[in-house]
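Undergrad: what would the 3D arrangement of this be:
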Amino acid sequence: MVDTPLRALVADDEEPAREELVYLLSQDPRIGAIQTASDGPEALKILQASDLDVVFCDIKMPGLDGIDLASVLSKFRQPRPRIVFVTAYDEHAVAAFELDAADYVMKPVRAERLAEAVRRVVTAGAPAALQSPDDTDDETISVELAGITRFVQRSTVRYVEAQGDYARLHTGQNSHLVRIPLSTLEERWRDAGFTRIHRSTLVALAHIDEMRVDGGRCAVRVGGDWLPVSRRHTRELRDLLVRSTSLR
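TA: As a prediction, this is how the structure comes out:
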């Protein structure tokens, strides 16, 4: 929870999209006052006149598009607002992160995805002492096998499969069954680079070697294994992979 709610600007030329974003943000206690703009020039005018913490910006807008707006914003003196792109177009992701975007959210916007974008804004630039331990520590999970307890480091886990109330950790040559629900691992390991790609699969972004889309179906290769990606997770996964690649 932030001490002071974030002052936000929502810039989108489509009124329904703008209103929906304002509504979703208003439900988040980390967001305070919200201003709106219907195009790039109006957004720039508000930015020049107001002290803001974050801009949620569409890319294709009349007058001044979102990329151009971010370029102008990058020349503002620090501290300047962080920018989160909210768009239906994924081809601008690389340019967005080159402009130091805090996040790149694909439309249609899901509440939980937007909440993650807000979290990224809140934690951006936070001192290491204020960050979650999971951001820096390599968590260890105990695995019971024939009366012997072994320890598996999170960094060695390539992907995780749900098996009822259990989860199977895949670590290259081996796999280990642990009594931890997949949803629990997803929450604990989100900040460590793991993401859900299917209702039954969690994968480490750093271990994805290839992503393939063919005939509307998507899959990723992790080592020698091909894992299916559900349609509802495809766009978000592509976004995350572009972001992780641009930060390497």
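Undergrad: contacting residues around residue 90?
TA: Neighbouring residues of residue 90 by C-beta atoms under 8 Å, 6 or more residues apart in numbering: 106, 235, 238-239, 242. For every residue, glycine as well, the C-beta is placed using N, CA and C.
Undergrad: likewise residue 69?
TA: 11, 40, 43-44, 55, 57, 61, 83.
Undergrad: list only buried entries from those residues.
TA: 11, 40, 43-44, 55, 57, 61, 83 (16 or more other C-beta atoms under 10 Å).
Undergrad: tell me which of those residues fall in strands.
TA: The strands, defined by DSSP state E, take in 11, 55, 57, 83 from the buried ones among the contacts of residue 69.
Undergrad: so for stretch 29-45, mean pLDDT?
TA: Looking at stretch 29-45 alone, the average pLDDT works out to 96.
Undergrad: quick one: contacts of it?
TA: 1-2, 4-13, 15, 18, 22, 25-26, 46, 50, 52, 55, 57, 61-66, 68-69, 72, 118, 122.
Undergrad: which of those are buried, as a ChimeraX select command?
TA: To isolate the buried members of those in ChimeraX, using 16+ other C-beta under 10 Å:
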select :6,7,8,9,10,11,12,13,18,22,25,46,52,55,57,61,64,65,66,69,118,122
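Undergrad: pull the most distant pair out of the buried ones among the contacts of residue 69.
TA: Greatest spatial distance among the buried ones among the contacts of residue 69 (C-beta to C-beta): 61 and 83, at 13.3 Å.
Undergrad: does residue 7 lie in a helix or a strand, and which?
TA: Using DSSP states H and E, residue 7 falls within strand 6-11.
Undergrad: quick one: pLDDT of the closest residue to residue 14 other than its chain neighbours?
TA: Once flanking residues are discounted, residue 14 sits nearest to residue 58: 7.4 Å by C-beta to C-beta, 6 or more residues apart in numbering. On pLDDT, residue 58 comes in at 96.
Undergrad: for this structure, longest helix please?
TA: Across the chain, the longest stretch assigned as helix under DSSP state H is helix 231-246.
Undergrad: separation between residue 97 and residue 104?
TA: Residue 97 sits 7 Å away from residue 104, going by C-beta to C-beta, to the nearest Å.
Undergrad: same deal with residue 194?
TA: For residue 194 relative to residue 104 (C-beta to C-beta), the value is 19 Å.
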